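Asker: predicted model, plus sequence, below.
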Amino acid sequence: QVPLVESGGGLVQAGGSLRLSCAASGRTFSSYGMGWFRQAPGKEREFVAAIRWSVGSTYYADSVKGRFTISGDGPRNAVYLQMNLLRPVDTAVYYCAADLQASSILEFPAGYDLWGQGTQVTVVS
């Protein structure tokens, strides 16, 4: 069973908005933080945003700063990504992930222990 489930992806025109959601599915766990990554065809998975529950700190890739906002509910292991001013280059499969070990490398996939299956975001011009 996939521990995290994403939703909210879809097809949107450039300049539009989408809100992604991610929630724990079945398995009970405690996370120190959660993050979003994305992977476009032929490219490596890249960091988008992360949130650390204890201090409420948020982190963003330079490419999405000012356009995307991460938020969430730590006790419920739920995380959201509000995406505004979308661009065709934002097209990718978006994955959420959970950090169970207080990782210091939240900008890298290796900093996470649980992953969802991803949700497709397609931005057309």
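Answerer: Here it is on my side, so go on. Residues are numbered from 1 along each chain as shown.

Asker: and the residue lying closest to N84 once chain neighbours are set aside, how far from L85?
Answerer: Nearest residue to N84, sequence neighbours excluded (Cβ to Cβ, 6 or more residues apart in numbering): S17, at 4.7 Å. Backbone N, C-alpha and C define where each C-beta goes, glycine included. Distance, S17 to L85, by Cβ to Cβ, to the nearest Å: 8 Å.

Asker: quick one on the thing from earlier: who's in contact with the residue nearest to N84?
Answerer: Contact analysis of S17 by Cβ atoms under 8 Å, 6 or more residues apart in numbering lists Q82, M83, N84, L85, L86.

Asker: try it again at 7 Å.
Answerer: By Cβ atoms under 7 Å, 6 or more residues apart in numbering, S17 lies in contact with M83, N84, L86.

Asker: and the nearest residue to S57 once chain neighbours are set aside, what element?
Answerer: Leaving out its chain neighbours, the residue that sits closest to S57 by Cβ to Cβ, 6+ apart is I51, at 7.1 Å. Counting by DSSP states H and E, the element that carries I51 is strand 46-52.

Asker: how far does that strand sit from the chain's center?
Answerer: 6 Å (Cα atoms, centre = their mean, to the nearest Å).

Asker: now what about that strand, what contacts it?
Answerer: By Cβ under 7 Å, 6+ apart, strand 46-52 touches 32-38, 58-61, 64, 68, 70, 72, 79, 81, 106-108.

Asker: repeat for stretch 30-41
Answerer: Counting by Cβ under 7 Å, 6+ apart, 45-54, 70, 72, 77, 79, 81, 91-100, 102, 106, 109, 112 sit against stretch 30-41.

Asker: try it again at 6 Å.
Answerer: Stretch 30-41 is contacted from outside by 45, 47-53, 72, 77, 79, 81, 92-100, 102, 106, using Cβ atoms under 6 Å, 6 or more residues apart in numbering.

Asker: nearest to V5 among the contacts of S17?
Answerer: M83 (18.1 Å; Cβ to Cβ).

Asker: distance of the closest one from V89?
Answerer: Counting by Cβ to Cβ, the gap from M83 to V89 is 12 Å.

Asker: many thanks, have a good one.
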